[in-house]
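would you be able to build a 3D model of this:
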Amino acid sequence: MRPSWVMSMMLATAALASAQLVRAQGTDAVLYTLGAPPSEFEWGCFAPCMCPIFIRSPLTGAFTLRHVIDDPLFANYDVLDVHWRVEGASGPVTVTGSGTYRRGGEVAVLEELALDLSFDGGPPRHFDSGLRAPGAPFPEISTRISLRGEYCLDSLLIVDAKPFDPAAVVGTSPDRIPLLAVPNPFRASTDLAFTLAVDAVVDLDVFDIGGRRLRALAHQEPLPAGLHSRAWDGTLADGRRAPPGLYVIRLATSVGEARRTVARIQ
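This is a model prediction of the structure:
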């Protein structure tokens, strides 16, 4: 049996290594998306009340994580541009806000996610995971945040997120019209390129992840076969800048269609 001080040193070394791994990720904002295992919103009763959960709904969306400072124990991050969606029984609910994330620890690896969130524009409410063991290796984040520590009647968000990988998103029509976006993610603008095998009439539109059309880049435009490109400067139809987040580019032609998910970051 190892002496207790040896075990403490081993745990402290592991915690320090985890903090160093977090710090090595750099200071730029990184776009995160909620994904598998499924993120969820729950509202109802938890222990010790133990009555049934009244609501359980899928949670989708994105946020950005930006490293800000290190202290002796933790790497500290700002959580920015939270834009989530809860699929409620009477329609989708938009969740927005910001907060903090920290990861490190003294004798074991711990993390804490704390967010002030607004539901459909209501007053912000503070959700916190408390310090707990990470549910996934960094840079993935897997944790649970709630209003009251999951005590009796409470609201809970199960957050499973990882850095957005544009290479993992492929959207093509049955006839496989190629549609590319470079760069992706982008800050100021992204160039959209597509190839037509035959002459076609083209619509090229930008949608939000809820399916609302935000900007038309081409409308009923006749184009010859070959390579074509259009630029999206990140603005909406009314000239405002699109907020950071995920968007869907839809290419619809007289011979087929294609889709590509793009991400705008700060």
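
what helix or strand is D191 on?
Using DSSP states H and E, D191 maps to strand 190-196.

partners of that strand in the sheet?
strand 179-182 (antiparallel), strand 226-232 (antiparallel) (DSSP bridges).

what helices or strands is the longest strand seen in the chain leaning on?
For the chain, the longest strand by residue count, based on DSSP state E, is strand 53-70. Judged by 3 or more CB pairs under 8 Å, 6 or more residues apart in numbering; DSSP states H and E, the packing partners of strand 53-70 are helix 4-23, strand 30-34, strand 40-45, strand 74-88, strand 91-104, strand 153-163, strand 245-253. C-betas here are computed from N, CA, C, even on glycine.

can you flag the weakest of those by average pLDDT?
Among the helices and strands packed on strand 53-70, helix 4-23 carries the lowest mean pLDDT, at a mean of 39.

before we move on, back to that, can you put the helices and strands packed on strand 53-70 in CSV and add mean neighbour count?
Converted to CSV, these look like this (neighbours: other CB atoms under 10 Å):
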stretch, mean neighbour count
helix 4-23, 14
strand 30-34, 22
strand 40-45, 18
strand 74-88, 19
strand 91-104, 18
strand 153-163, 19
strand 245-253, 21
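
tabulate the ones you listed in a markdown table, adding columns for distance to I177.
Below are the helices and strands packed on strand 53-70 laid out as a markdown table (distance: least, CB to CB, whole Å):
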| stretch | distance to I177 |
| --- | --- |
| helix 4-23 | 41 |
| strand 30-34 | 25 |
| strand 40-45 | 35 |
| strand 74-88 | 28 |
| strand 91-104 | 29 |
| strand 153-163 | 28 |
| strand 245-253 | 6 |
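
of these, give the one that comes closest to C51.
Nearest of the helices and strands packed on strand 53-70 to C51, taken as CB to CB: strand 40-45 at 3.6 Å.

in CSV, list the C-alpha atoms belonging to that closest one.
Output of strand 40-45 as CSV, limited to C-alpha atoms (Å, rounded to 0.1, in the frame of the first residue of the first chain):
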residue,chain,number,x,y,z
GLU,A,40,-31.2,17.4,-23.0
PHE,A,41,-33.3,19.8,-21.0
GLU,A,42,-35.2,18.3,-18.0
TRP,A,43,-37.6,19.9,-15.7
GLY,A,44,-39.3,18.1,-12.8
CYS,A,45,-38.5,16.4,-9.5
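
what pairs with that strand, and is each one parallel or antiparallel?
Using DSSP bridges, strand 40-45 pairs in its sheet with strand 53-70 (antiparallel), strand 153-163 (antiparallel).

can I get these in CSV including distance to W43?
Formatted as CSV, the strands paired with strand 40-45 follow (distance: least, CB to CB, whole Å):
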stretch, distance to W43
strand 53-70, 4
strand 153-163, 5
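
so which of the ones you listed comes closest to D238?
Across those, closest to D238 is strand 53-70 (CB to CB), at 22.4 Å.

what comes up buried for that closest one?
59-67 (16 or more other CB atoms under 10 Å).

other residues contacting stretch 116-132?
82, 86, 93-99, 105, 110-115, 143-147, 149, 155, 157 (CB atoms under 8 Å, 6 or more residues apart in numbering).

let's see that with 7 Å instead.
82, 93-99, 110-115, 143-147, 149, 157 (CB atoms under 7 Å, 6 or more residues apart in numbering).

quick check: angle from the helix or strand just after the strand holding D191 to strand 226-232?
Moving toward the C-terminus from strand 190-196, the next helix or strand (DSSP H and E) is strand 200-208. Interaxial angle, strand 200-208 versus strand 226-232 (axes from the mean of the first three to the mean of the last three CA atoms, to 10 degrees): 30 degrees.

whichever helix or strand comes after strand 200-208 to strand 245-253, inter-axis angle?
Following strand 200-208 in sequence order, the next helix or strand is strand 213-223 (DSSP H and E). Interaxial angle of strand 213-223 relative to strand 245-253 (the same axes, to 10 degrees): 30 degrees.

burial of P222, as a residue count?
Per other CB atoms under 10 Å, the neighbour tally for P222 reads 9.

how about the nearest residue to it once chain neighbours are set aside, what does it touch?
With sequence-adjacent residues excluded and distances taken as CB to CB, 6 or more residues apart in numbering, P222 is closest to V201, at 5.3 Å. V201 makes contacts with 220-222, 253-254, as judged by CB under 7 Å, 6+ apart.
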